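In: How does the following fold in three dimensions:
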Amino acid sequence: MSKITIPSKSTEVNYDLKSKIAKTELGVNALWCVQCGICTSSCPVAEFLKPHQVIKMALLGLESVIRSREIWLCAECYMCYERCPQDVKPTEVLIMLKNIAAEEGYVYPALKKLVNLVINNGRIYEITDFENEIRADLGLPPVPEVNVDEIRKIAETTGLDKRIGIRRIET
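Out: Take a look at the predicted model:
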């Protein structure tokens, strides 16, 4: 997996991105970032994600930050949030960037697959007789059935299915 880097030149600048960030409840604190790097030094996935660089790219209006897969790698552990001396709340900025990316149709493929599984199966993996036999051996009740139609209705009502391109499997 490639690391995110600040390009020296970029032709894909979104001049509205900074103001879009500043107008959101989650993104307004991004303007306070002084690029100290404490967020990155606290990040458990810093090998792949440099929160301070992502914030800088966003504030520069670089469209590539919205299209990057790195924003989806945030573990949302809030380590950066707790340690930021400027109260930038990097985790919330990354969540806001994910929201903007989803609105613009850029969703991490693995997330699409997970949501697709939940909408079509009610869970991220199928519960078989094997899992229920193990549960019975442990004295646990079987895993309850999931109303997949209700989950699909919620996805359709909220627009989640269309927003991230869910493939609905007809039953």
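In: Would you mind pulling up the elements that the lowest-mean-pLDDT helix or strand in the chain packs against?
Out: None of the helices or strands of the chain scores lower by mean pLDDT, DSSP states H and E than helix 160-163, at a mean of 77. On a contact count with 3 or more C-beta pairs under 8 Å, 6 or more residues apart in numbering; DSSP states H and E, helix 160-163 meets helix 109-121, helix 148-158. (Glycine included, C-beta is placed from N, CA and C.)
In: Verify the stated contact: residue 43 with residue 51.
Out: Yes: Residue 43 is in contact with residue 51 according to C-beta atoms under 8 Å; the separation is 5.8 Å.
In: so what's in contact with these two at the same time?
Out: Counting by C-beta atoms under 8 Å, 6 or more residues apart in numbering, the residues touching both residue 43 and residue 51 are residue 80.
In: Break the chain into its domains for me.
Out: As assigned by automatic domain parsing, the chain contains the domains 17-103, 109-163.
In: picking that back up, hey, which of the helices and strands packed on helix 160-163 is tucked in deepest?
Out: helix 109-121 (a mean of 15; mean count of other C-beta atoms under 10 Å).
In: quick one, it and helix 148-158 angle?
Out: Interaxial angle, helix 109-121 versus helix 148-158 (axes from the mean of the first three to the mean of the last three C-alpha atoms, to 10 degrees): 130 degrees.
In: following helix 109-121, which helix or strand shows up next?
Out: Sequence order places helix 129-137 as the next helix or strand after helix 109-121, per DSSP states H and E.
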